[in-house]
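Asks: how does the following fold in three dimensions:
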Amino acid sequence: MSYSTADSFRPVTLDDVRGAQKMLAGVARVTAMETSRHLSRTVGSPVHLKCENLQRTGSFKLRGAYVRIAGLLPEERAAGVVAASAGNHAQGVALASSLLGVRSTVFMPKGAPLPKVSATGEYGAEVRLHGQVVDETLAAAQEYAHETGAVFIHPFDHPDIIAGQGTVGLEILEQCPEARTILVGIGGGGLAAGIAVAVKALRPDVRIVGVQAAGAAAYPPSLAAGRPVTVKNPATMADGIKVGRPGDVPFGIIGELVDEVRTVSEDELSAALLLCLERAKLVVEPAGASPVAALLSEPGAFEGPVVAVLSGGNVDPVLMQRVLRHGMAAQGRYLAVRLRLTDRPGALATLLGVLSVVDANVLDVSHVRTDPRLGLTEAEVELHLETKGPVHCVEVGQALREAGYTVID
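Replies: Numbers count the residues shown, from 1 in each chain. Okay, the predicted model is just below:
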């Protein structure tokens, strides 16, 4: 299964996906399908989670990368491969290349999370840090390919990549043949396109819904225009689907076979990640949690049984901490307040006593005594609290005001 540059727009067929599945046997895991009782209650019908976060390298990207590199001609393999990625694609290309005995070079942004950079190197790639954003990194990788003859492995815009990702769709139908709706996150579109090719060929009645982060949603305007358009300065915590322009190859497939593309907010992504961690005991990155975010945003919109594809679990620990707090805040379970009090012995202990009475758990305290904004006998305290929900947040604020504290908004 090899395509030349001129042949890169060749249609992807069910036979291509089935061929990719045979090629990936013993390489990619057949990932688990887990039932979520909590989401099933929320949606009102069975909800199953396709756990590609448990795939080798932590995401579905290995599937497409392996199929693409395995399909290269001998002389192309000898020249090596090059890729550009902030994380998941980098690791997929690195491992696939190592398994196939092909030299790989991966360009990553200078600000890429250290765990992802380290993992890419450990999988066997030569890692080069270049640029501050992925577009700069991509340009450097393409220049390297031009100068050295290495084959550029695109993260989503190639039929081999799409066929490899489509094996997720075959597994879904094997594991959940009664599925009526499949939700899948969309960045450039390789995974959604591959799943659509496989599923619609075998079960055209299954509804396929793509999910994008609202701050990086290039597909809705592109589909409306009938051609890929670029969204300038895409912004979202979900870096796995932070793509400013749809791929040309997946765009045509998604426009024809995907039934709907929805968007979700940053708050919904945070809440989804938190739910996956707390209720499903699964570590999922924000992009991977986007289908769950869509379920939470409008539970009644999807006919069940529903399959939500958790596309990846490579989340930076620092980002995880921030996202969890964001998710808790969105659910009213995390509250940050600043207030003024009289600076005297025991004042802080008295304040903490008030919070104890209303059962607010103090996570962090910042106590400032010297500041031009403060009076001679004043101190300012910033408190980070774990709360039980929106109503409890209101009760905490009311208790502080009734105790005579000035709460600063």
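Asks: from here on, just use CA atoms for contacts and neighbour counts.
Replies: Noted.
Asks: ok, and for the helix or strand of the chain with the lowest mean pLDDT, which residues are buried?
Replies: Among the helices and strands of the chain, helix 317-330 carries the lowest confidence by mean pLDDT, DSSP states H and E, at a mean of 76. Buried residues in helix 317-330, counting neighbours by 16 or more other C-alpha atoms under 10 Å, are found at 320, 323-330.
Asks: do stretch 392-409 as well
Replies: Going through stretch 392-409 with 16+ other C-alpha under 10 Å, the ones that come out buried are 392-393, 396-397, 399-400, 405, 407.
Asks: what's next to it, contact-wise?
Replies: With C-alpha atoms under 8 Å, 6 or more residues apart in numbering as the test, stretch 392-409 has contacts from 332-333, 335, 337-341, 354-355, 358, 360, 387.
Asks: over to stretch 128-146?
Replies: 81-86, 105-111, 150-152.
Asks: tell me where the model's unsure across this structure.
Replies: Residue ranges of the chain with pLDDT under 70: 1-9, 133, 327, 369, 371-372, 374-375, 409.
Asks: ranges for the strands of it?
Replies: Remark: strands of the chain, listed N- to C-terminal, are 33-35, 47-51, 81-84, 104-108, 126-129, 151-152, 181-185, 207-213, 260-264, 306-310, 334-342, 361-368, 378-386, 406-408; assignment by DSSP state E.
Asks: returning to what we had before: report the two of the buried residues of stretch 392-409 separated the most.
Replies: With distance counted by C-alpha to C-alpha, no two of the buried residues of stretch 392-409 lie farther apart than His392 and Tyr405, which are 17.8 Å apart.
Asks: now do the residue at minimal distance from the centre of the chain against Asp359, distance only.
Replies: Closest residue to the average C-alpha location of the chain: Ala287 at 1.4 Å, with C-alpha atoms, centre = their mean. Applying C-alpha to C-alpha, to the nearest Å, one obtains 34 Å for the distance of Ala287 from Asp359.
Asks: redo the buried residues of stretch 392-409 as JSON lines? Include distance to Cys51.
Replies: Supplementary listing: these in JSON lines, determined by distance: C-alpha to C-alpha, whole Å:
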{"residue": "His392", "distance to Cys51": "34"}
{"residue": "Cys393", "distance to Cys51": "34"}
{"residue": "Val396", "distance to Cys51": "39"}
{"residue": "Gly397", "distance to Cys51": "40"}
{"residue": "Ala399", "distance to Cys51": "44"}
{"residue": "Leu400", "distance to Cys51": "44"}
{"residue": "Tyr405", "distance to Cys51": "48"}
{"residue": "Val407", "distance to Cys51": "44"}
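Asks: looking at these, which is nearest Thr377?
Replies: Of all the buried residues of stretch 392-409, Tyr405 has the smallest distance to Thr377: 14.2 Å, by C-alpha to C-alpha.
Asks: who's in contact with the nearest residue to Leu295 once chain neighbours are set aside?
Replies: Nearest-residue entry for Leu295: Val43, 7.2 Å, with adjacent residues in sequence omitted and distances by C-alpha to C-alpha, 6 or more residues apart in numbering. Residues counted as contacts of Val43 (C-alpha under 8 Å, 6+ apart) are 295, 299-300, 302.
Asks: show me which of those residues are buried.
Replies: When burial is judged by neighbour count using 16+ other C-alpha under 10 Å, the buried members of the contacts of Val43 are 295, 299, 302.
Asks: thinking again about what came up before, who touches the residue nearest to the centre of the chain in this structure?
Replies: Taking C-alpha under 8 Å, 6+ apart as the contact definition, Ala287 lies against 185, 238-241, 269, 311-312.
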